[in-house]
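Trainee: Coordinates only, no sequence provided:
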């Protein structure tokens, strides 16, 4: 069922909201997302602007049927109506529905493969058939409602009145809010985190049920099936969903891992869009972490289905090694053989930086691409730690599955990386791990750029307690660097959060994507690393500060505008202060998830 708005004179209309993706521009996306239960038991578009008026759109699932109400929040400039059409999205091809109308019953009837025959009615005396859909007058007075419902003809039963539809929807809302009220004072955060996943769940015949980064397809690489699954984004969505919708989490892990390409021994491509993938590179290896996050909900078959693929992918990373450390790279396959994927071609330097997931990070300023190696000329501490952690998790799984040889191989790889990170990338003079060149001028020197990725060796338990204390004192809690502390109240209007590069870096002031913004993935991975050192009081304090700052940042946009942002201003907590932060991007919910997990609220 699709809803659209038009004025009675048919001069203005609004439909296919968000087809090009969500936007901070109210003129482009004139709506505010609201609550969304994980199976659609209740959904809410908190406000929609149309024809000078404003409306709230709510729905509930009642005995398997969809009941909906549209409430007038602000009177329109002229009489307006709701257009109701029935069918399936274009991405569902080849599924098609047979739709007929019944003027006498003021109903639209749909017969869709795999579903019972249903009719859609206006509740009450209002409404009429128009073309292949329904037209229902919207209430002109503030507080008035228009109601509609679906009806299973085979099941029969009484048809509800408009008042009954409205009451059922209100009851579904109350039930959902009750579940969030049990979150120990984090009810708004819980609602926002759940909505960040639920609003982005889609179905396609190619993928089944998955969670792309957001609904809509503004990018060429999202064509022609109108979605794109980015690798680490989708695994992180699974980690979020593991706490709020384990079934969707499982589906994400299965689908993304099965997008593996067989080139060079096999790896999970950087993105997949239903037609092709990013076959010159991968993205941060979080598949094992995502699988681990499923816990008991993974079921034995999911682990057995995916383990061999994940193990092959971990082995593939050795193609990027220089010594025992990872360097960002690209095979240039998208350039050399563009038939694989014609929707994106990057120069090797940019492509290699993008393999880390950190597209424009200052970590790679001044780096060079080495043609003979197909990598940048630097080894990367953050990615080396992630490959090592991936191997360690998989080694444990292999042992449980009785795959002793693979357990040994994966364990050895993790140990090699951990040893090299410890011996080669720790800068004792500056109290932190840093990237460094592996070839060329200055190959023995460390980078001077500090980012949250420099803390990722904590995921492995690599630093000693003394090293962790230095990392925190000099960098993480230092107000001039990452400022993850509770020592001082923020200035008026400030909602600080850990930035993607140290505040002392010249790049911090750019406030542009990975150059100074605050990102859920970084906050989450640093949080998980810190939890390995809870026995240290200063680490426990840093965890509390990180959870508090991250949640406060998340709530700035969620409570005011119903937005879950791709990235946030690390000083003010705003998301829409720049043009390259997409609202309702699921991994922004990682900011809120930290606080929920810390509070035991899930």
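Mentor: Received, thanks. If you're wondering where the values come from, they're calculated on a predicted model, not measured in any experiment.
Trainee: got a list of contacts for the helix or strand hosting residue 309?
Mentor: Element membership of residue 309 [criterion: DSSP states H and E] is helix 299-316. With contacts defined as CB atoms under 8 Å, 6 or more residues apart in numbering, helix 299-316 is touched by 250, 253-254, 257-258, 260, 264-268, 282, 285, 287-288, 291, 294, 387, 390-391, 394, 397-398, 401, 403, 406, 409-410, 413. Heads up, the C-betas are built off the backbone N, CA and C, glycines and all.
Trainee: let's see it at 7 Å
Mentor: Applying CB atoms under 7 Å, 6 or more residues apart in numbering, the contact partners of helix 299-316 are 250, 253-254, 257, 260, 264-268, 285, 287-288, 291, 294, 387, 390-391, 394, 397-398, 401, 406, 410, 413.
Trainee: helix or strand right after it?
Mentor: Next element after helix 299-316 (DSSP H and E): strand 321-322.
Trainee: Direction included, what does that next one pair against?
Mentor: Sheet partners assigned to strand 321-322 using DSSP bridges are listed as strand 325-326 (antiparallel).
Trainee: pLDDT on the strand it pairs with, on average?
Mentor: Strand 325-326 shows a mean pLDDT of 98.
Trainee: quick one: secondary structure of residue 209?
Mentor: With DSSP: H, G, I helix; E, B strand; the rest coil as the basis, residue 209 sits in strand.
Trainee: In this structure it contacts residue 201, no?
Mentor: Yes: using CB atoms under 7 Å, residue 209 is in contact with residue 201, at 6.3 Å.
Trainee: Which ones among the contacts of helix 299-316 map onto strands?
Mentor: Mapping the contacts of helix 299-316 onto strands (DSSP state E) picks out 260, 267-268.
Trainee: Let's have those residues in JSON lines, adding pLDDT, neighbour count and distance to residue 548.
Mentor: As requested, those are exported to JSON lines (pLDDT from 0 to 100; neighbours: other CB atoms under 10 Å; distance: CB to CB, whole Å):
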{"residue": "260", "pLDDT": "86", "neighbour count": "22", "distance to residue 548": "39"}
{"residue": "267", "pLDDT": "94", "neighbour count": "26", "distance to residue 548": "38"}
{"residue": "268", "pLDDT": "94", "neighbour count": "28", "distance to residue 548": "34"}
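Trainee: and which of those is nearest residue 331?
Mentor: residue 267 (9.9 Å; CB to CB).
Trainee: Tell me the spacing between that closest one and residue 254.
Mentor: 17 Å (CB to CB, to the nearest Å).
Trainee: ditto for residue 76
Mentor: Taken as CB to CB, the span from residue 76 to residue 254 is 46 Å.
Trainee: Repeat that for residue 101.
Mentor: According to CB to CB, residue 101 and residue 254 sit 40 Å apart.
Trainee: Secondary structure class of the closest residue to residue 62 other than its chain neighbours, three-state.
Mentor: Spatial nearest neighbour of residue 62, excluding adjacent residues (CB to CB, 6 or more residues apart in numbering): residue 168 at 5.1 Å. Secondary structure, three-state DSSP: residue 168 is helix.
Trainee: My read is that residue 168 contacts residue 59, right?
Mentor: No: the pair residue 168 / residue 59 is not scored as a contact, 10.2 Å apart, by CB under 7 Å.
Trainee: so what sits against both of the two?
Mentor: residue 67.
Trainee: neighbour-wise, which of these two wins?
Mentor: Per other CB atoms under 10 Å, whichever of residue 168 and residue 59 has more neighbours is residue 59, with 25 against 20.
Trainee: Helices of the stretch 301-450 of the chain, residue ranges please.
Mentor: For the stretch 301-450 of the chain, the helices defined by DSSP state H, counting those that start in this stretch cover 333-336, 348-355, 381-400, 404-424.
Trainee: Just give the number of residues close to residue 246.
Mentor: Counted with other CB under 10 Å, the neighbours of residue 246 add up to 18.
Trainee: what sits against residue 390?
Mentor: Going by CB under 7 Å, 6+ apart, residue 390 touches 285, 287-288, 314.
Trainee: residue contacts, the closest residue to residue 122 other than its chain neighbours?
Mentor: In this structure, residue 122 finds its nearest non-sequential neighbour in residue 136, 4.6 Å apart by CB to CB, 6+ apart. By CB under 7 Å, 6+ apart, residue 136 lies in contact with 81-82, 84, 122, 126-127, 146, 148.
Trainee: Closest one of those residues to residue 517?
Mentor: residue 82 (38.9 Å).
Trainee: Could you check how far the closest one is from residue 1?
Mentor: 11 Å.
Trainee: Which one of the two is surrounded by more residues?
Mentor: Neighbours of residue 82 and residue 1, each counted by other CB under 10 Å, are more numerous for residue 82; the result is 24 against 18.
Trainee: Where does the more buried one sit: helix, strand or coil?
Mentor: Applying three-state DSSP: residue 82 is strand.
Trainee: What ranges in the protein fall below the confidence cut-off?
Mentor: Low-confidence segments of the chain, defined by pLDDT under 70, span residues 90-91, 93-94, 125, 217-225, 297-298, 334-344, 440-443, 487-489, 492.
Trainee: again, 50 this time
Mentor: For the chain, not a single residue meets the criterion pLDDT under 50.
Trainee: Just to confirm, which residue in it is farthest away from the center?
Mentor: Here the chain reaches farthest from its C-alpha mean at residue 104, the gap being 45.6 Å by CA atoms, centre = their mean.
Trainee: Just the element for that one, please.
Mentor: Going by DSSP H and E, residue 104 is not in any helix or strand.
Trainee: longest helix in the protein, by residue count?
Mentor: Scanning the chain for the helix with the most residues, using DSSP state H, yields helix 537-561.
Trainee: Packing partners of that helix?
Mentor: Helices and strands touching helix 537-561, as assessed by 3 or more CB pairs under 7 Å, 6 or more residues apart in numbering; DSSP states H and E, comprise helix 187-198, helix 520-530, helix 590-599.
Trainee: orientation of the longest one relative to helix 520-530 in degrees?
Mentor: It stands for helix 187-198. Interaxial angle of helix 187-198 relative to helix 520-530 (axes from the mean of the first three to the mean of the last three CA atoms, to 10 degrees): 120 degrees.
Trainee: With the last one instead?
Mentor: If you take the same axes, to 10 degrees, helix 590-599 sits at 30 degrees to helix 520-530.
Trainee: contact partners of helix 590-599?
Mentor: Under CB under 7 Å, 6+ apart, the answer for helix 590-599 is 183-184, 186, 189-190, 192-193, 236, 240, 243, 520-521, 523-524, 527, 543, 546-547, 550-551, 553-554, 602.
Trainee: Can you select the buried ones from the residues you listed in ChimeraX?
Mentor: Entered in ChimeraX, the line below selects the buried ones among these, by 16 or more other CB atoms under 10 Å:
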select :183,186,189,190,192,193,236,240,243,520,521,523,524,527,543,546,547,550,551,553,554
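Trainee: what about residue 316, how many neighbours?
Mentor: By other CB under 10 Å, the residues close to residue 316 number 19.
Trainee: What distance do you get for it to residue 520?
Mentor: Distance, residue 316 to residue 520, using CB to CB: 26 Å.
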